[in-house]
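Participant: compute the structure for the input listed below.
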Amino acid sequence: MSLVARYLEENGIPTVVAAAARDIVETCGVSRLLFTDFPLGNPCGEPGNVEQQRQIIGMSMDLLESATEPRTTVETPFTWSKGDAWKSLVFTQEQPWQTEEVKNAWLAKKELYRKLKAEKEG
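Facilitator: I've put the predicted structure just below:
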C-alpha cells in the first residue's frame, strides 16, 4: 500500500496511509501516515468498534487537510482494548511459529537479495 501511495502522490493525487506497522511504512517514505498501535490488520480500529473506526477515518481526513510537510506521521490516541499482550507475540527473538527450515529459507533469500543488489550497484 505504501508504494501505491507514493506512486499516486508522484502523479498529483494526495494520500494518507492508515497503518499499524509504523517502521515499515515510514521506511517506504509515504507523504502522510496515520499510525495506530494495534495488531497488524487493524489500522482503522478494533473490529466492531464503529465509533473508534469513525474517529480514525476522521483523523485521516484531518491529516490529509492539515499536513504541511512531507513524510508527516500522526499517531492516534487509542489503545487496544485487550491490552498489549499481542506485542509479545510479534516483538520476540524466539518467533515460535517459525520452523528452522522456514527461517533458513528466508535467510537464504535475504542473502541472495543482498548479492544481487550489490552486483547491480557495483
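Participant: pLDDT weak spots in the protein?
Facilitator: Low-confidence segments of the chain, defined by pLDDT under 70: 90-97.
Participant: middle-most residue in it, spatially?
Facilitator: For the chain, the residue nearest the mean C-alpha position is residue 21 (2.9 Å; Cα atoms, centre = their mean).
Participant: can you tell me how far the spatially closest residue to that one that is not a sequence neighbour is from residue 22?
Facilitator: What sits nearest to residue 21 in space, not counting adjacent residues and going by Cβ to Cβ, 6 or more residues apart in numbering, is residue 40, at 6.2 Å. C-beta here means a position set from N, CA and C on the backbone, and glycine is covered the same way. Counting by Cβ to Cβ, to the nearest Å, the gap from residue 40 to residue 22 is 11 Å.
Participant: okay, those two: which has more neighbours?
Facilitator: residue 22 (14 against 11; other Cβ atoms under 10 Å).
Participant: the more buried one against residue 34, yeah?
Facilitator: No. Residue 22 is not in contact with residue 34 according to Cβ atoms under 8 Å; the separation is 10.1 Å.
Participant: who touches both of these two?
Facilitator: By Cβ atoms under 8 Å, 6 or more residues apart in numbering, residue 22 and residue 34 have these common neighbours: 73, 75.
Participant: ranges for the helices of the chain?
Facilitator: In the chain, the helices defined using DSSP state H lie at 2-10, 22-28, 50-66, 85-90, 100-121.
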